[in-house]
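**Student:** Based on what follows, work out the 3D shape:
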Amino acid sequence: MLPWRRALRPLAALLLATAAAVVPATTATAAPAAAAPSSGWNDWSCKPSAAHPRPVVLVHGTFGNSVDNWLGLAPYLKNRGYCVFSLDYGQLPGVPLFNGLGPVEKSAEQLSTFVDRVLAATGAPETDLVGHSQGGMMPRYYLRFLGGAAKVGALVGIAPSNHGTTLSGLTNLLPYFPGAKDLLTTATPALADQIVGSPVLTKLNAGGDTVPGVAYTVIASRYDEVVTPYRTQFLTGAGVRNVLLQDLCPLDLSEHLAIALTDRVTFHEVAHSLDPAHVGPTTCASVFD
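**Tutor:** Below is the predicted model of the structure:
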């Protein structure tokens with residue numbers, strides 16, 4: 001048997017590689033947060049319309065950033081008349097480009113500051129949040145513990161890690177490798193925070209999944225290979241809609257990455273969740289909308 005110190009390295013590397021697999025290759029050349037893309041989102045002069053009175057804040061996932069994660073969805077929403085903004089959060093010292101790695105509690109504080117900036121710039125009393133993976137879960141900490149519920153109308157989580165992940169059972173091996181969880185907690189706190197049963201998730205989900213006054217939507221895929229089992233993504237409580245992508249379109253094979261980056265069925269369901277009175281039900285034909 002290998003000494004545990006030698007065995008620890010490949011396990012940690014495998015956990016990191018699995019998470020990193022959800023990041024598009026363009027991340028390595030992504031623009032920094034201050035350089036907003038020219039497609040029209042992060043336009044701080046944008047004023048919400050009567051049709052869409054709440055600006056939308058997009059919250060990227062682990063290892064993601066404010067640009068790459070939203071190259072598809074941000075223009076989609078912008079073209080439908082929304083004021084759209086995205087932020088970078090969870091940066092670690094000495095780790096450029098790859099964000100969403102810091103402790104969830106600190107990332108929620110960054111989100112709080114960004115939402116206040118969006119509301120001040122737009123003059124809107126509330127915003128809506130749309131997040132992918134950690135970005136669908138972390139805002140719930142902001143809503144529950146940092147006063148966000150008074151500033152948010154809706155939270156749409158795309159493949160969110162609401163109750164943590166087993167990474168297809170891989171995290172169940174951590175107890176067999178002494179020091180592995182400590183290594184994750186030190187090097188990439190957000191990964192440790194998203195393991196099933198972590199202290200952060202235990203605190204977040206104690207006493208119920210939701211807070212009053214916010215409409216929650218979860219969009220999950222049965223083919224998700226990162227947040228597993230996929231049903232751990234779903235929430236319970238008042239004001240919750242849990243949506244399985246394949247119930248909308250049985251032909252849709254999108255997994256954890258594609259569901260947020262390229263899937264127009266998901267994009268339509270996000271628009272429907274934000275404005276159900278004016279955006280009809282989502283079907284396979286929604287790819288043409």
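**Student:** show me where this protein has strands.
**Tutor:** 56-59, 84-87, 127-132, 152-158, 215-220, 240-244 (DSSP state E).
**Student:** low-scoring stretches of the chain, by residue?
**Tutor:** Scanning the chain for pLDDT under 70 picks out 1-39, 168-187.
**Student:** Name the residues that touch the longest helix along it?
**Tutor:** Assignment by DSSP state H gives helix 104-122 as the longest helix of the chain. Contact with helix 104-122 is made by 44-48, 55, 57, 59, 83, 85, 87, 89-90, 100, 124-127, 129, 134, 137-139, 141-142, 145-148, 151-152, 189-190, 193-194, 200, as judged by CB atoms under 8 Å, 6 or more residues apart in numbering. (Glycine included, C-beta is placed from N, CA and C.)
**Student:** Whichever of the residues you listed end up buried, select them in ChimeraX.
**Tutor:** Selection of buried members from the contacts of helix 104-122 for ChimeraX, criterion 16 or more other CB atoms under 10 Å:
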select :46,48,55,57,59,83,85,87,89,90,100,124,126,127,129,134,137,138,139,141,142,145,146,148,151,152,189,190,193,194,200
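**Student:** Tell me which of the contacts of helix 104-122 fall in helices.
**Tutor:** Reading helices off the contacts of helix 104-122 with DSSP H, I get Q134, M137, M138, P139, Y141, Y142, F145, P189, A190, D193, V200.
**Student:** need the residues you listed in TSV with distance to Y76, can you?
**Tutor:** Output for those, formatted as TSV (distance: CB to CB, whole Å):
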residue	distance to Y76
Q134	21
M137	22
M138	22
P139	20
Y141	27
Y142	24
F145	31
P189	32
A190	27
D193	29
V200	31
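**Student:** now, which of the residues you listed sits nearest R231?
**Tutor:** M137 (14.5 Å; CB to CB).
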